[in-house]
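Q: Need the 3D shape of this:
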Amino acid sequence: MDFDTPVLDNHLHLDPDHGRGIEAVKDFARAGGTHLLVVNKPSWTLGVDVEEPADFRAAFETTIDVVREASEILDGRAWPVLGVHPGLVTRLTERGFDPDAAGELMRAGLDIAAEYVPSKALALKSGRPHYEVPDEIWDASNRVLKHALALGTEYDCAVQLHTEASEDLTEITDWADERGLPSHRVVKHYAGGRLAGPIPSVMSEKSRLEEAAERGDLFLMETDFIDDPERPGAVLGPKTVPRRVRWLCEEGFDDAVRTAHVETPRKVYGIETLG
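A: Below is the predicted model:
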């Protein structure tokens with residue numbers, strides 16, 4: 001399926017050991033996809049019970065390796081996005097960590113992720129729980145998130161966020177600004193079509209995309225494909241973004257397609273998807 005535009009999925013996961021891995025990349029490419037941002041899977045989904053910062057490296061190295069393979073298949077290329085899933089705080093506290101100790105370990109994991117930027121990774125991933133948690137866990141999670149924003153400034157990279165559903169996250173971009181990170185370098189993963197604060201990485205459902213396209217603001221498109229054989233129908237499949245790009249073009253949203261796949265990646269990540 002050929003397009004007159006690059007096609008970028010801004011957030012998906014690949015698991016070459018337990019999931020479809022490169023076969024999912026082939027599906028994406030056959031459907032017309034050209035560029036991928038591959039986020040490391042949460043450590044526990046890879047069978048890693050994190051006890052110390054070095055334990056995060058397995059997930060990071062797995063992602064870097066599969067991205068290298070993916071780039072050999074795509075007409076464009078893939079980039080790794082590395083970080084610590086905010087849901088880890090709950091798993092750690094359930095294992096006996098107090099919230100402060102859990103947050104400290106997660107911040108150390110982000111420090112290790114940042115070591116790969118910019119030579120091997122494009123951006124960082126962090127956030128806070130999207131579900132109800134006690135105040136002490138919420139506060140610890142926000143300290144982790146703020147640390148990620150500071151690392152974005154230190155390493156001159158964007159930060160993708162996993163957070164609660166919201167149409168207003170200006171609180172977070174205010175925190176980013178306080179730490180010297182521009183709001184356009186903060187990305188809300190799994191976003192709707194309307195968002196104040198970070199750049200929305202819009203889940204590629206037609207209603208969300210139509211709202212984002214009509215608004216005319218910067219946005220990205222994603223599937224959050226999780227590559228988990230035990231959850232084959234979870235979230236969206238790897239062919240979805242190319243198919244939605246075709247649909248947007250058919251609906252007359254050519255400018256929005258260029259915004260999502262050329263202009264926004266250039267602004268947020270400093271990457272060039274044309275040529």
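
Q: When you work out contacts or count neighbours from here on, use the C-alpha atoms and nothing else.
A: Fine.

Q: H18 against D228, yeah?
A: Yes. With contacts counted by Cα atoms under 8 Å, H18 reaches D228, the gap being 7.2 Å.

Q: what about those two, which has more around it?
A: Legend: neighbour count by other Cα atoms under 10 Å for H18 and D228, higher for D228 (18 against 13).

Q: Do me a favour and get the backbone dihedrals for that one.
A: phi -120, psi 110 (degrees, to the nearest 10).

Q: ditto for R258
A: Residue torsions, per degrees, to the nearest 10, at R258 are phi -60, psi -40.

Q: That one: neighbouring residues, count only.
A: 17.

Q: Now do the same for the closest residue to it other than its chain neighbours: helix, strand or coil?
A: Distances taken as Cα to Cα, 6 or more residues apart in numbering place T5 nearest to R258, at 7.2 Å, with adjacent residues excluded. What DSSP: H, G, I helix; E, B strand; the rest coil gives for T5 is coil.

Q: do K120 as well
A: At K120 the chain is in coil, as set by three-state DSSP.

Q: in the protein, which spans are helices?
A: For the chain, the helices defined by DSSP state H cover 22-30, 57-73, 88-94, 99-115, 135-154, 170-178, 206-215, 240-250, 254-258, 264-269.

Q: now these in JSON lines, with mean pLDDT?
A: JSON lines is the format used below for those (pLDDT from 0 to 100):
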{"stretch": "helix 22-30", "mean pLDDT": "98"}
{"stretch": "helix 57-73", "mean pLDDT": "97"}
{"stretch": "helix 88-94", "mean pLDDT": "97"}
{"stretch": "helix 99-115", "mean pLDDT": "98"}
{"stretch": "helix 135-154", "mean pLDDT": "98"}
{"stretch": "helix 170-178", "mean pLDDT": "98"}
{"stretch": "helix 206-215", "mean pLDDT": "98"}
{"stretch": "helix 240-250", "mean pLDDT": "98"}
{"stretch": "helix 254-258", "mean pLDDT": "98"}
{"stretch": "helix 264-269", "mean pLDDT": "98"}
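
Q: Ok, which of those comes nearest W44?
A: With respect to W44, and counting by Cα to Cα, the nearest of the helices of the chain is helix 88-94 at 8.2 Å.
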